[in-house]
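Asks: requesting a structural model of the entry that follows:
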Amino acid sequence: MTSTWQPSADIDILKKRAQLIADVRLFFAQRDVLEVETPILSQAAPTAPYLDSFYTDFSPLGSDKKQPYFLQTSPEFAMKRLLAAQSGSIYQIAPVFRNGESGRLHSPEFTMLEWYRPELTLFQLMDEVNDLVQQVFNLAPVLRFSYRGIFEFFCKFNVFTCSDDEIQSFVTKRIVGLPADLDMNRDGWLELIMSYVIEPRLAAMNMSVFIYDFPASQAQLAKVDKDGQGNDVAKRFELYAGGMELANGYDELLDADELRHRFHSDNQVRQQKNTKTIPVDEHLLAAMTAGIPQCSGVALGLDRLLMLALNKRNINDVRAFKFELS
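Replies: Okay, here's the model as predicted:
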């Protein structure tokens, strides 16, 4: 029986992990991208309904007052404040925390590589992500599909013109074992198709792909624009490799009023779901009002990328200690 004090990853794997992270730092140093470190605790957090943050209370000595703080789900908000202060291109390798996420590919605490490039377009940033995963992690060159194109290729329908009923019907026919009374919105059904139909097919074909031009309803913190067919699309991409989502990149939204509106809409959804509403990050909105430069940014799950590079199937195999033994 393995003692509970021992690490979950082999020491040899941890040495390889350290070398790969050193190579990541060299990759960015050669491109004159500044490494930064931002707070892990914040008085605000992302409002996205699909994220569940850890939080705690700060109690100043000699005071009965308590100030809630959240553990970061991403260093994004603080990094954007640095961009507004004219930091130029920046990156960060940071611990991040998401409550409820646990399994072979998930840990409540994991490591994120996030970077922002004022001088790059979204497609140029995709090129840089491609360079990183090839040069440092030995992945094959990454192919590119639009969101519409990947659904047409694997599912044979146009995601922008089909009805909600047609999407739901596709799901119930192709994914077995779903509850008969499952109630989801259009994006929820599409996410099921991505997770249970498209991702396994990509894994079986051993394909690494960028998927870009998501439906506008999935914009998150990205800009919205028209694609070549006149559809409203979110100017963002995701990287999939080894059957896993590895990265999420944006042509960053810079409109403070629009961002406040999205925060408010997210919290309305949270209220409807009877989940905790999240304080809006006024510091970020003030920085955006002051002026964040036009930029593209991406967040990459470093542990998952290490799993691929080191041929491991469980996230705990590339982290010193799994969450349950921390």
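
Asks: from here on, just use CA atoms for contacts and neighbour counts.
Replies: Will do.

Asks: quick one, longest helix in this structure?
Replies: helix 11-29 (DSSP state H).

Asks: excluding chain neighbours, what is closest to Leu125?
Replies: Nearest residue to Leu125, sequence neighbours excluded (C-alpha to C-alpha, 6 or more residues apart in numbering): Ser296, at 6.7 Å.

Asks: export the longest helix of the chain to CSV, keeping only CA atoms.
Replies: Extracted in CSV, the C-alpha atoms of helix 11-29 (Å, rounded to 0.1, in the frame of the first residue of the first chain):
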residue,chain,number,x,y,z
ILE,A,11,10.6,12.3,-9.2
ASP,A,12,11.9,11.6,-12.7
ILE,A,13,8.7,13.1,-14.1
LEU,A,14,9.0,16.1,-11.9
LYS,A,15,12.6,16.7,-13.2
LYS,A,16,11.3,16.6,-16.7
ARG,A,17,8.4,18.9,-15.8
ALA,A,18,11.0,21.4,-14.4
GLN,A,19,13.0,21.3,-17.5
LEU,A,20,10.0,21.8,-19.8
ILE,A,21,8.9,24.8,-17.7
ALA,A,22,12.4,26.2,-18.0
ASP,A,23,12.2,25.8,-21.8
VAL,A,24,8.8,27.7,-21.8
ARG,A,25,10.5,30.6,-20.0
LEU,A,26,13.3,30.5,-22.6
PHE,A,27,10.8,30.5,-25.4
PHE,A,28,9.3,33.7,-24.1
ALA,A,29,12.6,35.3,-23.2
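
Asks: contacting residues around that helix?
Replies: Helix 11-29 has contacts (C-alpha atoms under 8 Å, 6 or more residues apart in numbering) with Leu34, Tyr91, Leu132, Val136, Phe137, Leu306, Leu310, Asp317, Val318, Arg319, Ala320.

Asks: how about stretch 123-135?
Replies: Val24, Phe27, Arg117, Leu139, Ala140, Pro141, Val142, Phe210, Ser296, Gly297.

Asks: just checking, the last one touches Glu119?
Replies: Spelled out, it's Gly297. No. Judged on C-alpha atoms under 8 Å, Gly297 makes no contact with Glu119 at a distance of 10.7 Å.

Asks: those two: who's more crowded?
Replies: The residue with more neighbours, out of Gly297 and Glu119, is Gly297; 26 against 13, by other C-alpha atoms under 10 Å.

Asks: check for me that the more buried one belongs to a strand.
Replies: Yes. Counting by DSSP: H, G, I helix; E, B strand; the rest coil, Gly297 is part of a strand.

Asks: mind listing what it touches?
Replies: Glu114, Trp115, Tyr116, Arg117, Leu122, Leu125, Gly249, Tyr250, Asp251, Glu252.

Asks: in helices, which of these fall?
Replies: Leu122, Leu125.

Asks: export the contacts of Gly297 to a markdown table and tack on neighbour count?
Replies: Below are the contacts of Gly297 laid out as a markdown table (neighbours: other C-alpha atoms under 10 Å):
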| residue | neighbour count |
| --- | --- |
| Glu114 | 23 |
| Trp115 | 25 |
| Tyr116 | 27 |
| Arg117 | 21 |
| Leu122 | 21 |
| Leu125 | 23 |
| Gly249 | 27 |
| Tyr250 | 26 |
| Asp251 | 25 |
| Glu252 | 25 |
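
Asks: could you dump the contacts of Gly297 to TSV with distance to Gly188 and pLDDT?
Replies: Shown next, in TSV, are the contacts of Gly297 (distance: C-alpha to C-alpha, whole Å; pLDDT from 0 to 100):
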residue	distance to Gly188	pLDDT
Glu114	26	98
Trp115	28	98
Tyr116	29	98
Arg117	31	98
Leu122	25	98
Leu125	28	98
Gly249	20	98
Tyr250	20	98
Asp251	23	98
Glu252	23	98
